[in-house]
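Q: sequence and predicted structure below; questions after.
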Amino acid sequence: MIDHLCIPIYEAVARDFIAFGKIKALGFSTRPESYLEHVWIPPGWHFVDPVKEAKGKETELQNNMDTLTDIAAAQGKDVDEVLETRARELKKMKDLEEKYGIQFPKNQGGKSNPNGFGGNEEEEEERILEIVK
């Protein structure tokens, strides 16, 4: 649908706007590809098994078989927006840690954290029971 409908319509509308003077595009006749360059990000698909999907994407990323841009696009997201949002979140977490003298739990790649959070349910239940005793 993107290749056969969206892109041709986008380009036709852009060319018409330029031709009728609605948009000023100096040099369009010599380098139209610069003006027509764009990316379509379709809606993402939900995963059947998000854990396996995440581990697979992590492996592909580590082996340079995929990119953050493509992974985000597959989920219907823009990589720049995802990274900007994540950077703001990390900065906010750091500021709050400094302000309140706390530390947020860190991701341990599926392993249990030293502070007792994460891991499998049995280990977590044992830790909770030890604390309660």
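A: Structure received.
Q: can you show me the helices along the chain?
A: For the chain, applying DSSP state H gives helices covering 7-19, 32-36, 50-62, 68-74, 79-100, 121-132.
Q: please report how far residue 8 lies from residue 17.
A: Distance from residue 8 to residue 17, counting by Cβ to Cβ, to the nearest Å: 15 Å. The C-beta positions use only the backbone N, C-alpha and C, and glycine is treated the same way.
Q: which of the helices of the chain sits most buried?
A: Of all those, helix 68-74 carries the top mean neighbour count, a mean of 16, counting by mean count of other Cβ atoms under 10 Å.
Q: who's in contact with that helix?
A: Helix 68-74 is touched from outside by 39, 41, 42, 44, 45, 57, 61, 78, 79, 82, 83, with contacts defined as Cβ atoms under 8 Å, 6 or more residues apart in numbering.
Q: do I have it right that residue 78 meets residue 41?
A: Yes: assessed by Cβ atoms under 8 Å, residue 78 is found in contact with residue 41 at 6.2 Å.
Q: what sits in contact with each of those two?
A: With Cβ under 8 Å, 6+ apart, residue 78 and residue 41 have no common neighbours.
Q: list just the nearest of the contacts of helix 68-74 to residue 98.
A: residue 83 (22.6 Å; Cβ to Cβ).
Q: looks like residue 77 contacts residue 41 (just checking).
A: Yes: here residue 77 lies in contact with residue 41, judged by Cβ under 8 Å, at a distance of 7.2 Å.
Q: still on that earlier bit, and the contacts of helix 68-74 as a markdown table, adding distance to residue 29 and pLDDT?
A: As requested, the contacts of helix 68-74 are arranged in a markdown table below (distance: Cβ to Cβ, whole Å; pLDDT from 0 to 100):
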| residue | distance to residue 29 | pLDDT |
| --- | --- | --- |
| 39 | 24 | 83 |
| 41 | 29 | 81 |
| 42 | 31 | 81 |
| 44 | 38 | 74 |
| 45 | 40 | 73 |
| 57 | 42 | 93 |
| 61 | 41 | 95 |
| 78 | 30 | 92 |
| 79 | 32 | 94 |
| 82 | 36 | 94 |
| 83 | 36 | 94 |
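Q: from the chain's centroid, how far away is stretch 88-108?
A: 21 Å (Cα atoms, centre = their mean, to the nearest Å).
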